[in-house]
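In: Fold the stuff below for me.
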Amino acid sequence: MVACHFSSLPHSPLVPSFASTLVAPQRRRLALRPSSLSLSASPLPRWSPEGGSRAPCSPAASRKARSSVFFPLSCFSFSYAAESPASSVLSSVSRPRAVSRSPSVCGADSAPASLAAVAPGSSPASLSASAASSLSSSAVASARLSAPCLAVTFASRAQGDAGSAASASVRVLTYNILHRLDARRARFFAYCQPAHLQSERRLAAVGGELQSLLPDVACLQEVERESLSFLIRRLSDDGYACAVSLFTEKGSLGDGCALLYRATELELIDTHTFRFSALVDDFFPYQKTTRDQMTLAFWRRVKEKRNMAVVAGFRIKKTDQVVYVCSTHLFWDPRQPDVKLLQAFLLLGGLRRYVEAQEARRAERSHAEPSADAETTEDRQKRNTGDSEAVRAANQAKAEDWRNATSPGVPLIIGGDFNSMPSQTVTRGDRNAQDGGGAERKEARRCSSGVYQLMTTGLVLPSHLEHPVSFHSTLATGAVPALVLRPLRSAYKEVLGAEPRFTNYTRDFQGCLDYLFFENAVAKAVLSVPEESELKREVALPNSRFPSDHVALMADFALPP
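Out: Predicted coordinates:
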């Protein structure tokens, strides 16, 4: 068994040059920024979806597993080295899934171990595997390997705001790992074989995925205390630690959100947790004074939900740059898009308030005590004579100026299960019976979901069908104002031009519910989502190859210098 490994990639400079796609049938691909392509044949550990464990081929290979990303590819090992940032490219790599031949990728009678390479605009040329030990990434446009049916293609990708070659990068993953299934919950997955629903087996597979993908930060949802402890033990040898977590209930069955991070690469600065219900009075204070019964019933429904967000600030050790990462999980019920919309508003409002406060405190600390080198003679005289008010006022003014100038530029990445599709069909008035409104005219229309529109455009007017005022004709006009916030961008939309078709795939529902939103960074690469044919091979998820009903999303982000 030989695997695909990447050396020095998680924090290598990301410079746009070419976009490559390394495709293995029945596998996912990860877009990265390597600079050279070579073939090697070093034995690497094996990852088992069934057992979720890796049995190293040798002690040396086991040690190497802690610093490389492994993708078992059957017969060959591709090594993408980050030695020349000036010629780095965007590539895609499969994730560990079962491999089978695909005629669409390469025919059954393809010549074994053949590699074809062409420069952009030229014709393909055959190249033997032994002669392909060193290939210039800028010269490779297409490559094919028959065993295990592997294809590599390159295409140009322009990106104007690519950032500086000296900027750092951070790899963030979001994954709803599916909570433990008791008898009540398991009935929703009656199509699954019982063995595939066992928590221990699924958690082992989740741990194997994280060890293979090696994100710098993992945003997890539907994680319980016991499963979080298991993952921390499993991943501790790979340098992972838990930054922060929050759960819906105090008992063992309560699930929640957590952030895992690679302590070898990142330094934890600060953490924060909050429930959306706790922010309602802060962002909508007028709702406490209303006397309208329909409005009161609506706000009670918003406050009773226990959905949450956890956020942490990290400092990249190699570059001293700061990034904030959040994991969140919005309310699940598709019949209450209005509640999810307000939760998204409270999420962004709460996050930005926290980040700005943290950055202001950092600025105050950095200016509160001038260093010996920076302290002037006049400052020392004022300090020694007790005239410190002027110095304190000047420091506060500097801190305020710094916060106002830099807080919009602090990178923020949000990974989570938003339980909202980019666009969906909305039936107006379908919650009025619960709110006491009685029978009501229903209007069905497909539109951009309120949550997705708010996150990506920053504006949802009361006329939007999922805005509470439009969704409930019984609410008084002005009960909830227009929702306005600074928008974010979606990593998958930025890189691929569209959101994935599926991030959640069960027998009864298939759609995109998970996202990686960000601001003040550049999305450089994303992990591909499996084809539908792979997802439904065993009816739906979870199954023998996918431990959750969701698939993991991951992206590489370049941070401003």
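In: rest of the way, CA atoms for contacts and neighbours
Out: Fine.
In: Show me the helices in the stretch 101-250 of the chain, by range?
Out: For the stretch 101-250 of the chain, the helices defined by DSSP state H, counting those that start in this stretch occupy 183-186, 199-213, 225-235.
In: Just name the most buried of those helices.
Out: Here the criterion is mean neighbour count by mean count of other CA atoms under 10 Å, and of those the winner is helix 199-213, at a mean of 21.
In: I'd assumed Gln453 was in contact with Phe345.
Out: No: Phe345 lies out of contact with Gln453 (CA atoms under 8 Å); the separation is 10.9 Å.
In: between these two, which one's more packed in?
Out: Higher neighbour count among Phe345 and Gln453: Phe345, with 22 against 18, using other CA atoms under 10 Å.
In: Make sure that one is indeed in a helix.
Out: Yes: counting by DSSP: H, G, I helix; E, B strand; the rest coil, Phe345 is located in a helix.
In: where does it land on pLDDT?
Out: If you check Phe345, the pLDDT there is 98.
In: Asp292 now?
Out: pLDDT at Asp292 comes out at 87.
In: how about it, what does it touch?
Out: With contact taken as CA atoms under 8 Å, 6 or more residues apart in numbering, Asp292 is in contact with Ala476.
In: how close does it sit to Ala476?
Out: Distance, Asp292 to Ala476, using CA to CA, to the nearest Å: 8 Å.
In: And Tyr505, by the same measure?
Out: From Tyr505 to Ala476 the distance is 38 Å (CA to CA).
In: Of these two, which one has the most company?
Out: The neighbour comparison of Tyr505 against Ala476 (other CA under 10 Å) goes to Tyr505, with 23 against 14.
In: name the element Ser463 belongs to?
Out: If you go by DSSP states H and E, Ser463 is not part of any helix or strand.
In: Leaving out the residues flanking it, which one is nearest to it?
Out: Leaving aside its sequence neighbours, Ser463 sits nearest to Ser470 (CA to CA, 6 or more residues apart in numbering; 5.8 Å).
In: For that neighbour, which three-state class applies?
Out: Strictly by three-state DSSP, Ser470 counts as helix.
In: Start the count at 44 instead of 1 going forward.
Out: Sure, I'll start counting at 44 from here, so that last one is Ser513.
In: my guess is it contacts Ala519, does it?
Out: No: applying CA under 8 Å, one finds Ser513 not in contact with Ala519, separated by 10.0 Å.
In: which residues of the stretch 244-393 of the chain fall in strands?
Out: Listed in chain order, the strands of the stretch 244-393 of the chain (DSSP state E, counting those that start in this stretch) span 260-267, 283-290, 298-305, 309-318, 351-359, 365-372.
In: Would you tell me which one of these is buried the most?
Out: Counting by mean count of other CA under 10 Å, the most buried of these turns out to be strand 260-267, with a mean of 27.
In: What pairs with it, parallel or antiparallel?
Out: Paired with strand 260-267 in the same sheet, following DSSP bridges, are strand 212-219 (parallel), strand 298-305 (antiparallel).
In: and of those strands, who's closest to Gln254?
Out: strand 298-305 (11.1 Å; CA to CA).
In: Now do the buried residues in the helix or strand harbouring Arg408.
Out: Under the criterion of DSSP H and E, Arg408 resides in helix 380-411. Neighbour-count burial for helix 380-411, counted by 16 or more other CA atoms under 10 Å, picks out 380-395, 397-399, 401-403, 406-407, 410-411.
In: Check stretch 573-584 too.
Out: Pro573, Glu577, Leu578, Ala583, Leu584.
In: is it true that Cys235 touches Pro585?
Out: Yes: between Cys235 and Pro585 a contact is recorded at 6.9 Å, counting by CA under 8 Å.
In: quick one: which of those two has more around it?
Out: The neighbour comparison of Cys235 against Pro585 (other CA under 10 Å) goes to Pro585, with 26 against 20.
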